[in-house]
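Engineer: Make a model of this:
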Amino acid sequence: MSTDCIFCKIIAGEIPSTRIYEDENTLVFMDINPIIHGHALVIPKQHHAQITDTPTDALARCIAVTKRVAKAQIDALGAEGVNLHQANGSVAGQVVDHIHFHVIPRFSGDGHHWNWNNKAYDSIEAMSEIGTKLKNAID
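Structural biologist: Predicted coordinates:
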C-alpha cells in the first residue's frame, strides 16, 4: 500500500467508492468520471505503479477479472462492445500511479470516439529495424 495513492486509499476504505467486485487480490469499482456510464476500474490490491512493475501473477488475476467485468457489462447493461484501456506513465495518460484497467461498455451512438491518429513507417525496413530492437529486448 502507498499512503499517498488514491487507489490504495479506496482499497483501505478511506475514500468511498462503488465497489462491484472484490476478492483477496483484486478490486473493481465504478469510475467516478466515466467515459460511458458503466465504466469500471480493475486494480490489484497490491500497489504497483505500472505494468512493468507488476508481477505477472497479479496481472493475470487482473485480466481474468477484467474479462468477467466486460461480460457483466454486456450481460447486465446490454453493451454491444467493450473497450479496455491501460496506460503507463503520465506521457501515456496515466493519472493515478497504481496500475489499473479501464473497462468501458460501448453502445451504438454513445458519442464517444477515440482520438486515434495512425502513422505510417517511412519504409518496411524502418519498421523491421524497430521490430528487431523490440524482439531483442523481450525477456
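Engineer: for H102, helix, strand, or coil?
Structural biologist: strand (DSSP: H, G, I helix; E, B strand; the rest coil).
Engineer: how about the nearest residue to Y21, chain neighbours excluded?
Structural biologist: Counting by Cβ to Cβ, 6 or more residues apart in numbering, V28 is the residue found nearest to Y21 once chain neighbours are left out, at 4.0 Å. To be clear about C-beta, it is placed using only N, CA and C from the backbone, and glycine gets the same treatment.
Engineer: Then N25?
Structural biologist: Distances taken as Cβ to Cβ, 6+ apart place R61 nearest to N25, at 5.1 Å, with adjacent residues excluded.
Engineer: Could you pull up the contacting residues of the one you found?
Structural biologist: Applying Cβ atoms under 8 Å, 6 or more residues apart in numbering, one finds that R61 lies in contact with 25-26, 44.
Engineer: repeat that for 10 Å
Structural biologist: If you count contacts by Cβ atoms under 10 Å, 6 or more residues apart in numbering, R61 has them with 23-26, 42, 44-46, 55.
Engineer: Of the residues you listed, grab the buried ones for PyMOL.
Structural biologist: The PyMOL command for the buried members of those (criterion: 16 or more other Cβ atoms under 10 Å) is given here:
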select buried, resi 26+42+44+45+46
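Engineer: Could I get the contacts of R61 in TSV, plus columns for distance to N115?
Structural biologist: Shown next, in TSV, are these (distance: Cβ to Cβ, whole Å):
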residue	distance to N115
D23	34
E24	37
N25	33
T26	29
V42	23
P44	28
K45	32
Q46	32
P55	32
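Engineer: nearest to H112, of the contacts of R61?
Structural biologist: V42 (19.3 Å; Cβ to Cβ).
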